[in-house]
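Provided below are the primary sequence and the corresponding predicted coordinates.
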Amino acid sequence: MKKDDPMYREALSWMSYRYAIGITESQSRNRLSQAERYKIFRDIEFDTEEFHALAAAFMDFLERKKIKDIVQLRDKYRECDLVWLSRNYSMGRHSYAASFCDDIMSYSNEVLSAERKVFMAMDIRRELIDHLRWCCFYISHELEETHSPIDLFFQFITDNNIDTDDKLKEYSRIEVFRASDGSVTYDTKGVEDDIKAFCFMFDIDDYIGWDELASYFLPSCHKKCRVAVNGQEFVIPYINSWIRRDNEYGKIHYEKIKVPIDKPISRFWHASIVEDYIVEDNIDE
């Protein structure tokens, strides 16, 4: 979906209000919902000390963002807010909404600034870390800026030959952290008293696209390789990802792939670079 698609604003608004309705029930650290916290600002009386402090902070914000008036502020941030709200609604929905990451990617250059993309990428990674806890997979937040949560998860199940849901449920806790030498370490604990993780691999599959979106938004995740095809060489920018390839015996297998980012990425047509064609990887040009 592109920004000029007739369904663009309808889909964005629908998913946004679906998520925003739930925000009123969420509790913050001070036990107030988002709506209650908003009411505190709304009820500040005019020409009071609190009012002038809030106005000064707001004017400083406008100056830093180089925004001249409220109309410009509304136009600049309304669409970003709608994208953020719709992302929060779609992520974790094991339905057609899970593919909304493709739509965000397709119109992101028209809507989001470079700074906003990085913000959303980190927000997605934090959300993925929270979702993976349902699989008893705990990732230290210090790794969210440098490592893909999905990559850490699939690397663990690959290294430990976990190819069925039952094998994954043999763990009651899998903890990922950074060791003193900078390497990534996994600390595991087996199941006790028949307490098993409530997790299925097909649930994780719906997060792959969101992990790709985060990597797409983070310049640090972008790489380049040189491929040779029919006597011609091409330099292709890509991000790392994973794809599921089950065998005829019902065993689950995930394969690490390179996804080109010089063309739209789609769940329905997922391109990857053929490793046999790569003649040079991690090039700088």
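That came through, no problem. Keep in mind that what you see is a predicted model, and the values were worked out from it rather than measured.

Ile273 and Asn240 touch, don't they?
No: when contacts are counted by C-beta atoms under 8 Å, Ile273 is not listed as touching Asn240 (10.6 Å). For the C-beta atoms, the positions are set from N, CA and C on the backbone; glycine is no exception.

what do the two both touch?
257-259 (C-beta atoms under 8 Å, 6 or more residues apart in numbering).

which residues in this protein form strands?
Read by DSSP state E, the chain holds these strands, from start to end of the chain: 137-139, 171-178, 184-190, 223-229, 232-244, 254-260, 278-281.

buried ones in the shortest one?
Neighbour-count burial for strand 137-139 flags 137, 139 (criterion: 16 or more other C-beta atoms under 10 Å).

and that strand, average pLDDT?
Over the span of strand 137-139, the pLDDT mean works out to 91.

same for it, what does it pack against?
Under the contact criterion of 3 or more C-beta pairs under 8 Å, 6 or more residues apart in numbering; DSSP states H and E, the helices and strands touching strand 137-139 comprise helix 114-132, helix 149-159, strand 171-178.

show me what the shortest one is packed against.
Spelled out, that is strand 171-178. Strand 171-178 sits against strand 137-139, helix 149-159, strand 184-190, with contacts defined as 3+ C-beta pairs under 8 Å, 6+ apart.

how about residues contacting that strand?
135-140, 142-143, 152, 156, 184-192, 195-197.

same check, this time on the first one
Contact partners of helix 114-132, identified using C-beta under 8 Å, 6+ apart, comprise 80, 83-84, 87-88, 91-92, 108, 112, 138-139, 141, 144-145, 148-150, 153, 204, 207, 210-211, 213-215, 217-218.

what about stretch 223-235, how long is it end to end?
The separation between the terminal residues of stretch 223-235, taken as C-alpha to C-alpha, to the nearest Å, is 10 Å.

equivalent analysis for stretch 133-144, please.
14 Å.

could you dump the shared contacts of Ile273 and Asn240 to TSV with pLDDT and neighbour count?
Converted to TSV, the shared contacts of Ile273 and Asn240 look like this (pLDDT from 0 to 100; neighbours: other C-beta atoms under 10 Å):
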residue	pLDDT	neighbour count
Ile257	93	18
Lys258	94	21
Val259	93	21
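
and those, which is closest to Ala53?
Ala53 has its nearest neighbour among these in Val259, at 47.8 Å by C-beta to C-beta.

so what's the closest one up against?
Counting by C-beta under 8 Å, 6+ apart, Val259 makes contact with 212, 238-241, 265, 270-273.

just the residues you listed: which has the poorest pLDDT?
pLDDT across these is at its lowest for Ile265, which sits at 66.

pairing partners for Phe177 in the sheet, please.
With beta bridges defined as DSSP bridges, Phe177 has these partners: Thr185.

and it, how close does it get to Ile150?
If you measure Phe177 against Ile150 using C-beta to C-beta, to the nearest Å, the figure is 17 Å.

so where's the stretch 101-250 of the chain uncertain?
In the prediction, the stretch 101-250 of the chain carries residues with pLDDT under 70 at positions 192-200, 248-249.

ok, now with 80
Scanning the stretch 101-250 of the chain for pLDDT under 80 picks out 102-104, 106-107, 110-111, 135, 141-142, 144, 191-203, 246-250.

picking up where we left off before, hmm, which of the contacts of helix 114-132 are the buried ones?
Neighbour-count burial (16+ other C-beta under 10 Å) is assigned, among the contacts of helix 114-132, to 83-84, 87-88, 91-92, 108, 112, 139, 144, 148-150, 153, 204, 207, 210-211, 213-215, 217-218.

can you tell me which of these end up in helices?
With helices defined by DSSP state H, the entries of those inside them are 83-84, 87-88, 108, 149-150, 153, 204, 210-211, 213-215, 217.

what does stretch 271-285 contact?
In contact with stretch 271-285 (C-beta under 8 Å, 6+ apart) are residues 223-229, 233, 235-236, 238, 241, 243, 257-260, 263, 265.
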